[in-house]
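# below are the sequence and a predicted model; questions follow.
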Amino acid sequence: MDSIYNKICNNDVEGLKILLEEEPGKINKPIDGDGTTPLIFASQVGADRRIIDILIKAGAKLGAKDGLSGWTALHWAVRRNHLQAVEILLSRGSEVNPRDEGGRTPLHFACWWGSLHTVDLLLGHNGIEANVINNDGDTPLHKAVQHQHYKVVCAMLKQDSVNLEIVNKKYRTPLLEAVSDGHLGIMQRLIARGTNVNVVEHGGNNCLHLALKRKNNFHSEVEHMTMLDQVSFHIVCDYVCVCVCVCVHLCVCVCVFVCVCVCVCICASVCV
């Protein structure tokens, strides 16, 4: 393994400085067969911020990608939840919206893994694109909803620029994803933010159809809610329950009507 690897692993600040002065060509040379540059490696392991700073000042390419998934140093820092590394990379000019081979940005990763502080940090950075779509058509908000990260969803919804109506390749908006997986708390937040409750996914299913499929199997994230939140939360619960009951009642009525019609037809044929 390259000696620069050891300097980074051991947070050997002085040793790294000397090494790069003697062999400056190593700054962007991969340290393994996966295309991992020294800066990417430092971001993977959460090296001391001084190590990362030395690498950047020595000419490390902030936008370099590994050879596996096309992840940059920022992707790795976010994925491993190394907040300090994320901070210094952004402060030194790292592109905040780089995409990997799956079209995912660091914000996708932060929302996917529920890294609330990292989400806040990324959202507060100039140039952040909150509605980037990956290869599956998912925005960062989709990922937060799909993985049930309630607090991250709340953080995303505080952004005025967040679009609630983007549909992914499953033809689902974040609300349809929330209903499909039974997230009452997330549903409440999305509806309170003004999302379209009449949207229809591929196959013609709307929120009601998806709610019926789940029957009464819904859950909510446990957290303190204000009185207003509690009221709107119960409205959502009542809406789902009432819709389900109405549909069940209608189905029963239809079945009874059909049975009556069949009986009448049978009686009529017998009489004839």
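Structure's in. What do you need? Residues are numbered from 1 along each chain as shown.
# all contacts plus neighbour counts: C-alpha atoms, from now on.
Will do.
# of all the residues in stretch 7-15, which ones are buried?
Within stretch 7-15, the residues scored as buried using 16 or more other Cα atoms under 10 Å are 7-9, 11-13.
# I misspoke; the intended subject was stretch 72-86.
For stretch 72-86, using 16+ other Cα under 10 Å, the buried residues are 72-86.
# repeat that for stretch 152-172.
Result for stretch 152-172 [16+ other Cα under 10 Å]: buried residues 152-157, 162-164, 166-168, 171-172.
# how far does it stretch from one end to the other?
Using Cα to Cα, to the nearest Å, the end-to-end distance of stretch 152-172 comes to 19 Å.
# oh, and call the first residue 49 from now on, that's how I've got it
That works, and once the first residue is 49, the last one we named lands at stretch 200-220.
# can you list contacts of it?
Counting by Cα atoms under 8 Å, 6 or more residues apart in numbering, the neighbours of stretch 200-220 from elsewhere in the structure are 159, 162-164, 167-168, 171, 178-179, 184-187, 189, 192-193, 221-223, 234, 237-238, 241, 243-244, 248-250.
# now swap in stretch 85-97 and tell me
Against stretch 85-97 from outside (Cα under 8 Å, 6+ apart): 52-53, 56-57, 59, 75-79, 99-100, 103-104, 108-110, 112-114, 120-122, 124-125, 128, 130, 132-133, 136.
# follow-up on the earlier one: which two among the buried residues of stretch 200-220 are spaced furthest apart?
203 and 219 (23.8 Å; Cα to Cα).
# just send the buried residues of stretch 200-220 back as CSV, with pLDDT and secondary structure too.
Converted to CSV, those look like this (pLDDT from 0 to 100; DSSP: H, G, I helix; E, B strand; the rest coil):
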residue, pLDDT, secondary structure
200, 99, helix
201, 98, helix
202, 98, helix
203, 98, helix
204, 99, helix
205, 98, helix
210, 98, coil
211, 98, coil
212, 98, coil
214, 98, coil
215, 97, coil
216, 97, coil
219, 93, coil
220, 95, coil
